[in-house]
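K.L.:
Pasting the sequence and the predicted model now:
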Amino acid sequence: MVEPKAFSFIFDSPVGPLVVTVRDSMVCGIDLPGKSDHGNRMMEEDAELKAEIAAQLRRYFSTGDDSFSLPLNMMGTPFQQRVWQQLRSIPSGETRTYGEIARRLGSSARAVGNACRRNPVPVIVPCHRVVSAAGLGGFSGQVQGDMLDIKRWLLKHEGVIL
């Protein structure tokens with residue numbers, strides 16, 4: 001059996017170090033600060049793809065331009081895939097509530113929140129743009145602490161007034 005070509009690298013962002021994981025020339029994970037369980041692994045690194053990923057992340061973090069055109073490999077259930085597709089349709093500078101997305105999908109706000117929590121590539125697939133009807137909501141499985149500070153930073157960076 002052929003081992004998939006994979007590598008991880010650390011991208012220093014304004015919200016802290018992001019660990020970007022690439023497998024078979026597709027981004028399959030971005031670990032936010034404090035969420036990573038692995039370090040900087042390099043195995044058959046694709047320098048050109050790494051440079052392109054870093055360039056697109058730099059552009060986002062400097063200008064808010066979220067026109068990512070990176071190949072993604074997002075493993076998830078069919079429902080999670082549908083939620084993640086909805087997330088990608090939320091323009092920068094806008095938010096949607098968990099309930100709004102749930103109504104579009106014929107589901108519940110809690111199920112949408114769970115799918116957001118399992119988003120393997122936050123920032124590129126903007127789960128931070130999903131908020132509670134009564135406020136900020138959670139981020140990356142947390143309802144308080146550092147992850148919400150990151151969510152606030154991302155939304156403010158995109159021009160969302162909280």
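P.N.:
Looks like it came in fine. Numbering: from 1, shown residues only.
K.L.:
show me where this structure has strands.
P.N.:
For the chain, the strands defined by DSSP state E occupy 6-13, 16-23, 26-31, 96-97, 130-131.
K.L.:
Throw the ones you listed into JSON lines and include mean neighbour count, distance to residue 74 and mean pLDDT, thanks.
P.N.:
Every residue, glycine included, has its C-beta placed from N, CA and C. JSON lines is the format used below for those (neighbours: other C-beta atoms under 10 Å; distance: least, C-beta to C-beta, whole Å; pLDDT from 0 to 100):
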{"stretch": "strand 6-13", "mean neighbour count": "16", "distance to residue 74": "15", "mean pLDDT": "94"}
{"stretch": "strand 16-23", "mean neighbour count": "19", "distance to residue 74": "11", "mean pLDDT": "95"}
{"stretch": "strand 26-31", "mean neighbour count": "20", "distance to residue 74": "7", "mean pLDDT": "96"}
{"stretch": "strand 96-97", "mean neighbour count": "16", "distance to residue 74": "19", "mean pLDDT": "97"}
{"stretch": "strand 130-131", "mean neighbour count": "24", "distance to residue 74": "16", "mean pLDDT": "97"}
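K.L.:
Identify each buried residue in the top helix by length along the chain, please.
P.N.:
Looking across the chain with DSSP state H, the single longest helix is helix 47-63. Going by neighbour count (16 or more other C-beta atoms under 10 Å), the buried part of helix 47-63 is 49-50, 53, 56-57, 60-61.
K.L.:
Which of the strands of the chain sits closest to residue 149?
P.N.:
Between residue 149 and these, the shortest gap by C-beta to C-beta is with strand 16-23, which sits at 9.8 Å.
K.L.:
Restricting to C-alpha, output that closest one in PDB.
P.N.:
The C-alpha trace of strand 16-23 is given here as PDB (Å, rounded to 0.1, in the frame of the first residue of the first chain):
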ATOM      1  CA  GLY A  16      -0.900  32.700  16.800                       C
ATOM      2  CA  PRO A  17       0.800  29.800  15.100                       C
ATOM      3  CA  LEU A  18      -1.400  27.700  12.800                       C
ATOM      4  CA  VAL A  19      -0.300  24.100  12.000                       C
ATOM      5  CA  VAL A  20      -1.300  23.500   8.300                       C
ATOM      6  CA  THR A  21      -1.400  19.800   7.300                       C
ATOM      7  CA  VAL A  22      -1.300  18.700   3.600                       C
ATOM      8  CA  ARG A  23      -1.900  15.200   2.300                       C
END
